[in-house]
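In: Sharing a model prediction with you, sequence too.
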Amino acid sequence: MLKKERAALVQRRLDELYPETPIPLDHSDAFTLLVAVLLSAQCTDKKVNEVTPELFRVAGTPQKMAALGQEKILEIIRPLGLSKQKAKSLDGLSKILIEKHAAQVPQSFEELEALPGVGHKTASVVMAQAFGVPAFPVDTHIHRLAQRWGLSNGKSVAQTEADLKKLFPRESWNKLHLQIIFYGREFCTARGCDGTKCDLCRDLYPNRKKPVALKKA
Ligand code: SF4
């Protein structure tokens with residue numbers, strides 16, 4: 001099967017499995033989404049959704065977040081991994097939003113990636129899910145599945161993103177990003193699969209005998 005054919009089959013199956021793609025991180029606007037995505041680094045969405053109700057109750061805007069300050073932010077987000085670093089980033093980025101962006105979340109990759117704690121993946125999620133701009137944020141699930149489905153050689157996260165963008169129509173990127181994450185969470189964990197368990201992998205690679213040697217993100 002050609003790579004393009006594998007991509008088409010993957011997309012068909014994911015559309016059948018996940019016709020709806022609700023955003024997993026609870027939020028009410030671009031700012032609260034940005035905060036939730038930043039908090040989700042090295043942490044599950046479920047855990048993030050446990051701390052954000054209280055955080056957004058007291059600091060749902062850049063002004064309130066900046067007024068709350070690093071120490072108080074830390075008290076609320078302490079159950080999450082990397083909480084000290086994240087509290088510092090939230091305090092810093094809220095101040096920058098107020099000073100440079102009229103307390104609004106900017107709508108460009110460049111401006112988003114200039115904010116503390118915001119890398120390309122976080123910026124891509126915000127551009128896609130807050131502003132509807134086509135993007136293909138690559139997390140560990142997507143990096144892994146792209147290799148197991150033979151859609152990328154997994155040389156780097158940047159390469160996986162470029163490969164997936166080439167293979168799928170631009171208007172489907174935002175949906176596919178979530179569908180692949182849902183599939184990864186439900187079926188395809190980091191370890192324990194020889195690449196022959198799911199119908200999807202079996203159909204993509206009927207002759208596969210050995211596990212796929214994964215390159216890490
Ligand atoms: S067969 Fe294994 S590697 Fe392939 S998608 Fe299923 S769980 Fe993932």
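Out: Yep, that arrived. Numbers count the residues shown, from 1 in each chain.

In: how far does stretch 28-48 sit from the chain's center?
Out: Offset of stretch 28-48 from its chain centre (C-alpha atoms, centre = their mean, to the nearest Å): 10 Å.

In: same question for the longest helix seen in the chain, mean pLDDT?
Out: Longest helix in the chain, counting residues (DSSP state H): helix 83-100. For helix 83-100, mean pLDDT rounds to 98.

In: same thing with stretch 15-27?
Out: 97.

In: could you measure Ala158 against Lys84, distance?
Out: Distance of Ala158 to Lys84, given as C-beta to C-beta, to the nearest Å: 28 Å. Yep, even glycine has a C-beta here, placed from its N, CA and C like the rest.

In: Same question for Ile96.
Out: Using C-beta to C-beta, we find Ile96 at a distance of 19 Å from Lys84.

In: which parts of the chain sit against the ligand?
Out: Arg148, Phe187, Cys188, Cys193, Gly195, Thr196, Lys197, Cys198, Leu200, Cys201 (C-beta under 6 Å from any ligand atom).

In: Render the CA-only coordinates of whatever helix or strand the last one lives in in PDB, please.
Out: For Cys201, the enclosing helix or strand under DSSP states H and E is helix 199-204. Provided in PDB are the C-alpha atoms of helix 199-204 (Å, rounded to 0.1, in the frame of the first residue of the first chain):
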ATOM      1  CA  ASP A 199      -7.600  -4.000  12.700                       C
ATOM      2  CA  LEU A 200      -6.200  -0.800  11.400                       C
ATOM      3  CA  CYS A 201      -2.500  -1.800  11.700                       C
ATOM      4  CA  ARG A 202      -3.400  -5.300  10.300                       C
ATOM      5  CA  ASP A 203      -5.100  -3.700   7.300                       C
ATOM      6  CA  LEU A 204      -2.300  -1.200   6.700                       C
END
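
In: So which bits of that helix are buried?
Out: Leu200, Cys201, Leu204 (16 or more other C-beta atoms under 10 Å).

In: what helix or strand is the closest residue to the first one other than its chain neighbours on?
Out: The reference is to Leu200. Nearest residue to Leu200, sequence neighbours excluded (C-beta to C-beta, 6 or more residues apart in numbering): Arg13, at 5.3 Å. Element membership of Arg13 [criterion: DSSP H and E] is helix 3-17.

In: How far away from the center of its chain is that helix?
Out: 20 Å.

In: what's whichever helix or strand comes after that helix packed up against?
Out: Using DSSP H and E, the helix or strand that follows helix 3-17 towards the C-terminus is helix 30-39. For helix 30-39, the packing partners by 3 or more C-beta pairs under 8 Å, 6 or more residues apart in numbering; DSSP states H and E come out as helix 45-59, helix 62-77, helix 83-100, helix 120-129.
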